[in-house]
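S.K.: The following block contains a protein sequence and its predicted model.
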Amino acid sequence: MWIDFFNEALFSMVEDLEINEDISIEFIDGVNEYDLPENYYSLVELKDEQNQLIPAYRNNGIDISGSQTYRPGYEIMQRGSKFVITFPLMKAPRTFQLRYIRYPNQLSLANEGDKPEIPTVAETALCYKAISFALMNNNQYGQSQFVDDMFMNKASIGRRANHKARW
């Protein structure tokens, strides 16, 4: 049961951890959607072969003739339990490099050596969050809030450490 609380705590810290991963997408004209990995959380950037950032697909408004205009780009949508990316108005085959924030790997009882993907300085925050979830599960809301406040204090230290590590 505790492993579930730790996994829930890890998932709640995804924005603080900002674990990046890179993938390539081979765009082929005529293929409308490409599945994103199961651990996808949010997009950091999308670049083409020339290392140029690809903008999001947007409505540019109405042109002089009164027609809607759109610029080529990408769209990310949720389809059921998965995310997909599409490239409206793009025609030529090309390769895209996508960097995204992913969810941390789940801990498992089957793997004794599992360690959370978290900086050492944020391990206390992870423990506080897991305890907070356990207390909430036990209907001890006041104590859960108290421990969650301790988590918020320690999480800010982890955020600063994570930010420094990237720079």
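M.R.: Received it, and whenever you're ready, just let me know what you need. Numbers count the residues shown, from 1 in each chain.

S.K.: Which segments of this protein make up each domain?
M.R.: Domain segmentation of the chain under automatic domain parsing yields 2-17+107-166, 19-102.

S.K.: Which positions in stretch 89-107 come out as buried?
M.R.: For stretch 89-107, the neighbour count (16 or more other CB atoms under 10 Å) marks 90, 94, 96, 98, 100-104, 106-107 as buried. From N, CA and C alone the C-beta is placed, and that goes for glycine too.

S.K.: ugh, wrong one, stretch 112-123
M.R.: By 16+ other CB under 10 Å, the buried positions in stretch 112-123 come out as 116, 118-119, 121-122.

S.K.: Then stretch 65-80?
M.R.: The neighbour-count check on stretch 65-80 (16+ other CB under 10 Å) flags 73-74, 76 as buried.

S.K.: Then stretch 3-20?
M.R.: Buried residues in stretch 3-20, counted by 16+ other CB under 10 Å: 5-10, 12-14, 16-19.

S.K.: Widest-spaced pair of the residues you listed?
M.R.: Checking those against each other with CB to CB, the farthest-apart pair comes out as 5 and 18, at 22.1 Å.

S.K.: Need phi/psi at the nearest residue to residue 8 once chain neighbours are set aside.
M.R.: Counting by CB to CB, 6 or more residues apart in numbering, residue 8 lies nearest to residue 133, which is 5.2 Å off, once chain neighbours are set aside. Per-residue torsions, residue 133: phi -60, psi -40 (degrees, to the nearest 10).

S.K.: Please tell me how far residue 133 sits from residue 105.
M.R.: Computed as CB to CB, to the nearest Å, the residue 133 to residue 105 distance reads 18 Å.

S.K.: Just the CA trace of stretch 74-88, in CSV.
M.R.: Extracted C-alpha coordinates of stretch 74-88, given in CSV (Å, rounded to 0.1, in the frame of the first residue of the first chain):
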residue,chain,number,x,y,z
TYR,A,74,1.6,20.9,-34.6
GLU,A,75,-1.4,20.1,-32.4
ILE,A,76,-1.3,17.9,-29.3
MET,A,77,-4.6,16.3,-28.3
GLN,A,78,-5.8,13.8,-25.8
ARG,A,79,-7.5,10.7,-27.3
GLY,A,80,-8.9,8.7,-24.5
SER,A,81,-6.0,7.7,-22.2
LYS,A,82,-3.3,8.7,-24.6
PHE,A,83,-1.8,11.8,-26.2
VAL,A,84,-1.3,12.2,-29.9
ILE,A,85,0.4,14.8,-32.1
THR,A,86,-0.8,15.9,-35.5
PHE,A,87,0.8,18.2,-38.1
PRO,A,88,-2.0,20.0,-40.0
